[in-house]
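Undergrad: Show me how the following folds:
(chains A and B)
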2 protein chains.
Amino acid sequence: MPEGRPLSMTFSFDLIKEDDRTAARAGMMRTPHGDVPTPVFAPVGTLATVKAMTPADLHELGATLILANTYHLYLRPGADLVARMGGLHRFMGWDGPILTDSGGFQVFSLEGLRQITDDGVTFRSHIDGSIHTFTPELVITAQEKLGADIIMAFDECPDPTDYDYNVQAMERTHRWAERCLAAKTRDDQALFGIVQGGVFADLRAQSAEFLTSLDFAGYGIGGLSVGETKAEMHAMLEVLHPLLPRHKPRYLMGVGSPEDLFECVARGVDQFDCVLPTRIARNGAALTRRGRLNLRNARFADDPAPIEEDCPCYTCRTFSRAYLRHLIVAKEITGLRLTTLHNLHFMLETMRRIRRSILDGTFADYKAEFLASYQPVPGK
Amino acid sequence: MPEGRPLSMTFSFDLIKEDDRTAARAGMMRTPHGDVPTPVFAPVGTLATVKAMTPADLHELGATLILANTYHLYLRPGADLVARMGGLHRFMGWDGPILTDSGGFQVFSLEGLRQITDDGVTFRSHIDGSIHTFTPELVITAQEKLGADIIMAFDECPDPTDYDYNVQAMERTHRWAERCLAAKTRDDQALFGIVQGGVFADLRAQSAEFLTSLDFAGYGIGGLSVGETKAEMHAMLEVLHPLLPRHKPRYLMGVGSPEDLFECVARGVDQFDCVLPTRIARNGAALTRRGRLNLRNARFADDPAPIEEDCPCYTCRTFSRAYLRHLIVAKEITGLRLTTLHNLHFMLETMRRIRRSILDGTFADYKAEFLASYQPVPGK
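TA: Numbers count the residues shown, from 1 in each chain, chains lettered A, B, ... in the order given. Below you'll find the predicted structure:
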């Protein structure tokens, strides 16, 4: 029973099914570059490329939404250049939906000089040390030049455990959210606001209340997965679930691991992005239904089995752990690529199964079954 | 009018056409893992992977023969391990023809400790400094464990300009060639001898005479492209052309650049391998019909054109020079891969056109046309 309403001329979100036993939701986002079944995991293409992948690989993997980073693209090659090349879709050869983040998370993570005022943030480029200032207006303009289907408001990402500072940062994020909405000129992009408030239920509630009073197409949940515990993250999602609009997508930014997908979908999240599967792949770690496999380990040196016995990805159909270990130890590019391919397949396929289980009413069972056999990295 | 004769139970070479105006030849090698139309360019997969490519890429590019290195695979992961994993084809997921070189060129290129006796060569591993000795027998055994379709005799690769030393090295190479033939036990591999003799016509003739008296399935031409001039290399090929058997393939080892393909095919060469297209790709240099394009150059920063306007490769169909430059400058793995893909397409497609032009009698015209517009790197 789709109940969606169009959020702009070109973006809509249909809520298709809500789970009975959890807060899990299945839906469909419609964007100018295609539909995105939710819940969705978006591979991260920081610099307009998902590291070691081509757009053809991503299509074959069934990726439906790709993330790119405004901070990184602003510095290199520059948003103006991307615009002159026809925008991000054409530039990177990906004709499917793209989301750009606002750069907020990146500039607040930078070491060294940084000045935060109500106007914006002044920072040093991590590439050449040059000084730049991001304001809400500049960040929206940059994202309009990049031309993604979904763009994000500029937000402040503070230490999530400092209450007093989170009050200040949240209020600034709210003022910036209004300025982002005002600065927006393109009606073929959906702008999401970002809820802040650290690990504090009252601040999260206040942030959700304020931001949902504004006309955003969806809501990012920011400032999590940055040092707080999983229990704190889950608690914040539980606070937000009843407060965020049912018929708009909720995007938990920078999350998650395989176990996060289950725990956070169960708490009402529709959308995820995370560098984890691609980053650990480049360190030789492969995701499996039992946990991570460190392919550098000597015990795989003459293991003829694939990463996962019944995995249908190209890597598992074609290569042994022994071969992958050989490539990784020898620092061969192909090793990074084959492991990345498997890990993205694992994440995307797990999310497709999650969605099917929501639709057929078995999500809670699938979650219990997955988490019973999956061994997360200790302490993560 | 094929005139081939079977050279072993499982390997044969059919000479299909000889050019009227040059020494160019078109043929067909038949191996246990498939047919190889000649002349052929073999991409180099040193460590059982063509850097940045998968076997699926190589099939799509139309590669028919891949080279791997016995020296490198002997050290890492080891020939025994590859054998336990089912041999090189299965290990690397490439079901087409493979050639392994003998490691001669590699051990004679190593810095540091090295002892050359009639028995063999003692050298230090470039990985961990450990001491190893390659003898003709060990090298054949290692290649039998790897299981390539074409294997190479162990040879000494000296400075090609020292006459007296080349006499010695050639004679040793001849004694080793006999030992390699004697050591061979598998009848599903074709063993090629390697002609040496530096830049000296009399030595090359002597080497060809001796080696063709033995029962090799084909002939490598070794010790060229290591410092001598192009004119010297061409002169050696002209000496060898009438001396090598018409009905056996001739393999110019470690050559060539695009211009080399034309000049050496015109002098009777059937088979080439070279790291050039893949290595320069990883440095950001793309091959075009006018010469090399250094994609790092700032003038490509906002160039919306592909590397080559009418090139049908995935890279050129999908991406601009501006995007490729961005990836290369940002050190993105995808940049290495896309440039490698284009360069291999360029080499393989050029060789396919060369072969067609031999078959339809227009090779000399195609050669003249190609070389008139192709600008080799000065001094190369």
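
Undergrad: Contacts only, for the residue positioned nearest the centre of chain A.
TA: The residue lying closest to the centre of chain A (Cα atoms, centre = their mean) is A:Asp273, at 1.7 Å. Residues near A:Asp273 by Cβ atoms under 8 Å, 6 or more residues apart in numbering or on different chains: A:Phe41, A:Ala42, A:Pro43, A:Val44, A:Leu67, A:Leu99, A:Tyr251, A:Met253, A:Gly254, A:Val255. Yep, even glycine has a C-beta here, placed from its N, CA and C like the rest.

Undergrad: What parts of chain A come near chain B?
TA: Proximity of chain A to chain B, by Cβ under 8 Å from any Cβ of the partner chain, involves residues A:47-56, A:76-77, A:81, A:84-86, A:91-93, A:301-302, A:304, A:314, A:318-320, A:322-323, A:325-327, A:329-330, A:332-338.

Undergrad: How many neighbouring residues does A:Val201 have?
TA: That one is not Val; residue A:201 is Ala. For A:Ala201, the count of nearby residues is 15 (other Cβ atoms under 10 Å in any protein chain shown).

Undergrad: Okay, it and A:Glu232: tell me how far apart.
TA: 10 Å (Cβ to Cβ, to the nearest Å).

Undergrad: Check A:Ala330 too.
TA: Distance from A:Ala330 to A:Glu232, by Cβ to Cβ: 42 Å.

Undergrad: same deal with A:Pro136?
TA: Using Cβ to Cβ, we find A:Pro136 at a distance of 28 Å from A:Glu232.

Undergrad: Which one of those two is surrounded by more residues?
TA: When A:Pro136 and A:Glu232 are compared for neighbours, A:Pro136 comes out ahead with 25 against 16, by other Cβ under 10 Å.

Undergrad: check contacts around the more buried one.
TA: Taking Cβ under 8 Å, 6+ apart, we find A:Pro136 in contact with A:Gly120, A:Ala153, A:Phe154, A:Trp176, A:Ala177, A:Arg179, A:Cys180, A:Ala183.

Undergrad: A:Cys274 now?
TA: A:Phe41, A:Val44, A:Gly254, A:Val255, A:Gly256, A:Ser257, A:Asp260.

Undergrad: So for stretch A:136-144, what gets flagged as buried?
TA: For stretch A:136-144, a neighbour-count test (16 or more other Cβ atoms under 10 Å in any protein chain shown) marks A:Pro136, A:Glu137, A:Leu138, A:Val139, A:Ile140, A:Ala142, A:Gln143, A:Glu144 as buried.

Undergrad: Tell me how many other residues crowd A:Pro312.
TA: 9.

Undergrad: Packing partners of whatever helix or strand A:Glu263 lives in?
TA: Here A:Glu263 sits within helix A:258-265, counting by DSSP states H and E. Using 3 or more Cβ pairs under 8 Å, 6 or more residues apart in numbering or on different chains; DSSP states H and E, the elements in contact with helix A:258-265 are helix A:230-240, strand A:271-273, helix A:333-359, helix A:363-373.

Undergrad: and A:Leu138, helix, strand or coil?
TA: Classification of A:Leu138 using DSSP: H, G, I helix; E, B strand; the rest coil returns helix.

Undergrad: Nice, that's everything, thank you.
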